[in-house]
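Test case, fold it:
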Amino acid sequence: MRKVLKTNLCKINYSQSLEKLAEATIQLLDKKIIEYRLFFESPISEQIVVNYFDTVEEFREFIYEIRGERDSLPEYARGTYDNGMVNACVNPKFQLKRLYTASHELFHILYMQYILNNDYSKRIVWYDEGMAQFMSGEKDSLNDDGIFKEFYLKVREETKVIPQLNSLEHGNSFINEAYNGYDLSYLSIKYLSEMLSVEQFKGLMSDFSKISQYGDDIIQKMFSYYDAKLENEIVKK
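Model prediction:
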């Protein structure tokens, strides 16, 4: 059974088993939409639509119908932003763990609309995915130094091969046994947020040439930066 929750800013269509997530999403998006208005310097007046499904089959069929084909959706995909909507498959038992899916996908939607002008060819995947994680709130727990250190060292250890970020596309080239493109993209954005001024960081989102330049070797620089930063923290203690 499908249900609906809505405010002036957003509308949540959801499976009945996901009611807790729907209610929490309404509260989150009412806050995040205001933050995104400031970041993108746009009124974002349209109502944001979120579609939650509690089975993979129903989610995938919904996306296939939108796309008119059955080949482009990666096997691991559990969230998309097709047709300017946030679409996600969520396990009811762990539904609140997926709370930030909506704000993550909403960043993609707004970036595509206001910065890329709906030209997908301009999208640089690592930057868009890194920013979506950074801006959505899903990684806010990493603002704690101890939690960040644990996360960073785990990513460092599990990165067996350093990929060329600019060449990454969704699929096996983004996540595999040699590295996790989501983690590396997030760390690269966090690194840039610490290296650039607020104005530079914000301006970067529309400077596609500069983003590509960073993508050439940012992982090496990011690892060197955080290796040194964590080592200095250990020495100080």
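
Tyr36: neighbour count?
22 (other C-beta atoms under 10 Å). (Each C-beta comes from the backbone N, C-alpha and C, glycine too.)

Please identify the nearest residue in space to it, excluding sequence neighbours.
Spatial nearest neighbour of Tyr36, excluding adjacent residues (C-beta to C-beta, 6 or more residues apart in numbering): Leu110 at 5.6 Å.

That neighbour: what's it in contact with?
Each residue near Leu110 by C-beta atoms under 8 Å, 6 or more residues apart in numbering is listed here: Tyr36, Phe40, Ser42, Ile44.

Just give me the neighbour total for the closest residue to the third one other than its chain neighbours.
Using C-beta to C-beta, 6+ apart and skipping the chain neighbours, the partner closest in space to Ser42 is Tyr114 (5.2 Å). A total of 17 residues lie near Tyr114 under the criterion other C-beta under 10 Å.

Also Ile219?
Every residue meeting other C-beta under 10 Å relative to Ile219 is counted, giving 21.

now Lys93
Neighbours of Lys93 under the rule other C-beta under 10 Å: 8.

and it, how far is that from Leu18?
Distance, Lys93 to Leu18, by C-beta to C-beta, to the nearest Å: 11 Å.

ok, back up a step: wait, the residue nearest to Ser42 sits on Phe40?
Yes. Using C-beta atoms under 8 Å, Tyr114 is in contact with Phe40, at 4.8 Å.

which residues does the closest residue to Gly84 other than its chain neighbours contact?
Nearest residue to Gly84, sequence neighbours excluded (C-beta to C-beta, 6+ apart): Ile109, at 5.5 Å. By C-beta under 8 Å, 6+ apart, Ile109 lies in contact with Ile48, Tyr81, Gly84, Met85, Val86.

The contacts of Leu110, buried ones only, as a PyMOL selection?
Listed next is the PyMOL selection for buried residues among the contacts of Leu110, using 16 or more other C-beta atoms under 10 Å:
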select buried, resi 36+40+44
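
Take the contacts of Leu110 and keep only those in helices.
In helices, defined here by DSSP state H, the members of these are Tyr36, Phe40.

Report the two of the contacts of Leu110 separated the most.
Using C-beta to C-beta, the contacts of Leu110 span at most 8.0 Å, a distance reached by Tyr36 and Ser42.
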